[in-house]
Structure formats: structure tokens, C-alpha cells
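Student: show me how the following folds:
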Amino acid sequence: IAGDGHASNTVFRYPVAKEGDTEALASGVLLGQADLDVWMHCLKLAQDDLGAPVSISVFQFLKLSGRKAGGGGYNWLEGSLTRLALLRLTVKTAKGVLMNDEGVLTYRIEQSPTEAHILTFQVNPKWAKLLGIGTWSTQRLDARAKLSRSPLAQVLVTIANSSKLPMSLNKLRTMTRSESNPPEFKRLTAKALAAAIEAGAISDNSKPDKITGDLHLKRL
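Tutor: Got it, this is the predicted structure:
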């Protein structure tokens, strides 16, 4: 998932998850950290009964995500849900390849009698378990909400909570599909790291190696 918001281009059979000899490949519109926010909040809200419909006001969903209500927030949420709904996955195993036409979620937004917009969504339990269980539950959603204006900082938080391995700046730059040159990306990463620490999202012991420059990100 890109680190600088969503992009207009698409991906085809892009690797998004792997466990043992099983790998999930995504095809669809390239997703960003904002889309990951929406996905993880959907999973959080549906965690007690994956696959069951969940209804929540758009206002409340935006509040949970650290976004402001209004036309901009509504369009952001609807756009992200659409990108997620268009996502299609292919699963590769040692025994073969499986393509499933089912999306990771379905949704609808309706206006209630009180004129509030109500979002009703349903996650696909099969894909939810493949893509999320065991990784999304370790993420600090409250901290991510504070960093909603800094997608790169959100990427650092995700890495800190899912991996103990150091991350090179070159690998991070490639992973986030950044168009910044290396010196500028290094500056942006230092700024994002400071923001993540200030938000209480990762340990203040997280820092780059003085010799290699590799990032050693530590969860709280």
C-alpha cells in the first residue's frame, strides 16, 4: 500500500500478504494509507461477527478515523470504500492458483429519516482473515487517526507494529512509491518519524542507524 495517499493508477497481481507457501495478490486501484485506515476500522467494527452487516453513521465513522465531517470527508470515505470494493484477490499456493470474484467488502450509504447518512458495510470473512487477522489487531488505530495528515508517518507505525527487522530508506522509498529524490525522502522520513513519536504511536527509541541509515522502528 502506497504511503503518499492513493494514486490513480492500477495494480495487477500485486503481492499484499504472504504466509508460508500461500500468497495473496491484489488487482484493482492502487490503495493508500487512507484506504488502510478505512479497512482497519471496518475490521474493528465487524470483529465480533465477521461477515455480518454493520451500520454506523458516516459522521461517527469519520470521527473514528480522525477526519472531519462535511462534504470533503464524505467524498473521501465514499472514494475509499469504492476502491476497496473494487479490489480483487488471487491466492497462490503450492497446489495452484485461486481467483475469487468476491470483493473484500460491500457497502451502501443511505440517508436516514433524521437526514443523517448511514453507512452499512459487510466485510468478506474469507478475505478479512487472510488480509487482516493477526496484523490489523496490533495496530494503534487511535494513533493512526492522529496521523491522518501524514501517510508516511502511518506507514512507519504499521512497520513498527508488524516487523522487528530494520528498514532501509531505499526499501521504504520503493515500498511507498515515493517520487521524492533520496535526500528529500530522507528529510520527509525524519519529519514523519518525529510526528509518529510525538503522537505516541511508536517508541521514542525508534531511530535510524548512524552508519547505515536503516530505520529501527519499535512499537510501544
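
Student: quick one: which helix or strand includes the spatially most central residue of the chain?
Tutor: Closest to where the C-alpha atoms of the chain average out (Cα atoms, centre = their mean) is residue 36, at 2.0 Å. In this assignment (DSSP states H and E), residue 36 forms part of helix 33-46.

Student: report the backbone C-alpha coordinates of that helix in PDB.
Tutor: Extracted in PDB, the C-alpha atoms of helix 33-46 (Å, rounded to 0.1, in the frame of the first residue of the first chain):
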ATOM      1  CA  GLN A  33      -2.800   4.700   3.800                       C
ATOM      2  CA  ALA A  34      -6.200   6.400   3.900                       C
ATOM      3  CA  ASP A  35      -7.700   3.200   2.400                       C
ATOM      4  CA  LEU A  36      -5.900   1.200   5.000                       C
ATOM      5  CA  ASP A  37      -7.500   3.300   7.700                       C
ATOM      6  CA  VAL A  38     -10.900   2.600   6.400                       C
ATOM      7  CA  TRP A  39     -10.200  -1.100   6.000                       C
ATOM      8  CA  MET A  40      -8.900  -1.500   9.600                       C
ATOM      9  CA  HIS A  41     -11.800   0.500  11.100                       C
ATOM     10  CA  CYS A  42     -14.200  -1.700   9.100                       C
ATOM     11  CA  LEU A  43     -12.500  -4.800  10.500                       C
ATOM     12  CA  LYS A  44     -12.500  -3.400  14.000                       C
ATOM     13  CA  LEU A  45     -16.200  -2.600  13.900                       C
ATOM     14  CA  ALA A  46     -17.000  -6.100  12.400                       C
END
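
Student: run through who's touching stretch 185-204.
Tutor: Residues outside stretch 185-204 that contact it (Cβ atoms under 8 Å, 6 or more residues apart in numbering) are 140, 143-144, 146-147, 150, 152-153, 155-157, 160-161, 169, 172-173, 178, 180, 206-208, 213, 215, 217-220. The way it works is simple: take the backbone N, C-alpha and C, and place the C-beta from them, glycine included.

Student: mind listing which of those residues are in strands?
Tutor: 207-208, 215 (DSSP state E).

Student: what is the nearest of these to residue 17?
Tutor: Among these, residue 215 lies closest to residue 17 (Cβ to Cβ), at 22.1 Å.

Student: for the lengthiest strand in the chain, name the packing helices and strands.
Tutor: Under DSSP E, the strand in the chain containing the largest number of residues is strand 10-19. Using 3 or more Cβ pairs under 8 Å, 6 or more residues apart in numbering; DSSP states H and E, the elements in contact with strand 10-19 are strand 22-29, helix 125-131.
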